[in-house]
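1. sequence unavailable; structure follows:
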């Protein structure tokens, strides 16, 4: 249920572009060996899953598509793509990796999908110094109409990242769509940025500096290397600028 906003967006892409939700690894890596690789698959563009099919297995091979860095969803460890790695597995989890540069809209856990209304989400961004630019999106509509998109009863928030070596990390949000019954006038977005190597030197939201101090909404978790910033969305573009995101 936490991936419901991400999955709903994948279904929108399936309906409008024909893109499957489950995709072979050759969608990300056209090397000949990837055309026959069946031990893992992509879930959308951002997530790689390597299911464990051997009873009692304690480790699992994971082929990582070349051309991207992959972030272990469970540990946050980064792995350059290209080689096939072996990771330990338990009954509690299976290997899941997120492509660096991905935007993954998520929810706090909910009892059932009927409670999903899009008023509050977490937007996870997986930062990495190798990613100079990336894009993503979140699609939401009235949840009932079969023709919501063609009738214009939807909202789509597009995400964009940009980063040049030595420069700031810039994250931009821009929307499209029309009012529809039940569309929230304001959405709450918890922006969670993974993969920074240090607290930001400074952070600006729409040109205004946000201080990291007691009582501030800006939070840094050194253990997980996550930066969290809550923001509201009312349809207007929003821009986050983070200085020195990868300095050591």
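-> That came through, no problem. Treat the numbers as computed from the prediction; the structure is a model and nothing was measured.
2. switch to C-alpha atoms for all contacts and neighbour counts from now on
-> Will do.
3. now do the helices in the protein.
-> For the chain, helices defined by DSSP state H occupy the ranges 4-17.
4. which stretches of it have low pLDDT?
-> Counting by pLDDT under 70, the ranges of the chain that qualify are 247-248.
5. can you tell me which residue is spatially central in it?
-> Centrality entry for the chain: nearest residue to the mean C-alpha point is residue 104, 2.0 Å, by C-alpha atoms, centre = their mean.
6. any idea how far that residue is from residue 71?
-> Counting by C-alpha to C-alpha, to the nearest Å, the separation of residue 104 from residue 71 is 13 Å.
7. residue 146 too?
-> From residue 146 to residue 71 the distance is 36 Å (C-alpha to C-alpha).
8. ok, the residue nearest to the residue nearest to the centre of the chain when sequence neighbours are not counted - contacts?
-> The shortest distance from residue 104 to any non-neighbouring residue, by C-alpha to C-alpha, 6 or more residues apart in numbering, is to residue 124 (5.0 Å). Contacts for residue 124 (C-alpha atoms under 8 Å, 6 or more residues apart in numbering) come out as 103, 104, 105, 106, 191, 192, 193, 194.
9. of these - the most surrounded one?
-> Sorting those by how many neighbours each has (other C-alpha atoms under 10 Å) puts residue 103 first, at 28 neighbours.
10. can you report how many residues neighbour the closest residue to it other than its chain neighbours?
-> By the measure of C-alpha to C-alpha, 6+ apart, the closest residue to residue 103 outside its immediate chain neighbours is residue 125, 4.6 Å from it. Neighbour count of residue 125, defined by other C-alpha under 10 Å: 24.
11. and residue 47, by the same measure?
-> Residues within reach of residue 47, counting by other C-alpha under 10 Å, total 20.
12. mind checking how far the closest residue to it other than its chain neighbours is from residue 121?
-> Closest residue to residue 47 apart from its sequence neighbours, by C-alpha to C-alpha, 6+ apart: residue 98 at 4.6 Å. Distance of residue 98 to residue 121, given as C-alpha to C-alpha: 18 Å.
13. skipping adjacent residues, who's closest to residue 231 in space?
-> Nearest residue to residue 231, sequence neighbours excluded (C-alpha to C-alpha, 6+ apart): residue 189, at 5.4 Å.
14. and for residue 179?
-> Nearest non-adjacent residue to residue 179 (C-alpha to C-alpha, 6+ apart): residue 153, at 6.5 Å.
15. would you check that that neighbour makes contact with residue 141?
-> Yes - with contact defined as C-alpha atoms under 8 Å, residue 153 reaches residue 141; the gap is 6.0 Å.
16. so which of those two has more stuff around it?
-> Neighbour count, other C-alpha under 10 Å: between residue 153 and residue 141, residue 141 has more, with 24 against 20.
17. show me what contacts that one?
-> 148, 149, 153, 154, 155, 183.
18. what about 7 Å?
-> Contacts for residue 141 (C-alpha atoms under 7 Å, 6 or more residues apart in numbering) come out as 148, 153, 154, 155.
19. okay, and the beta partners of the closest residue to residue 135 other than its chain neighbours?
-> Leaving aside its chain neighbours, residue 135 sits nearest to residue 160 (4.4 Å; criterion: C-alpha to C-alpha, 6+ apart). Applying DSSP bridges to residue 160 gives these bridge partners: residue 135, residue 172.
20. I'd guessed residue 160 sits against residue 131; true?
-> No - under the criterion of C-alpha atoms under 7 Å, residue 160 is not in contact with residue 131, lying 11.6 Å apart.
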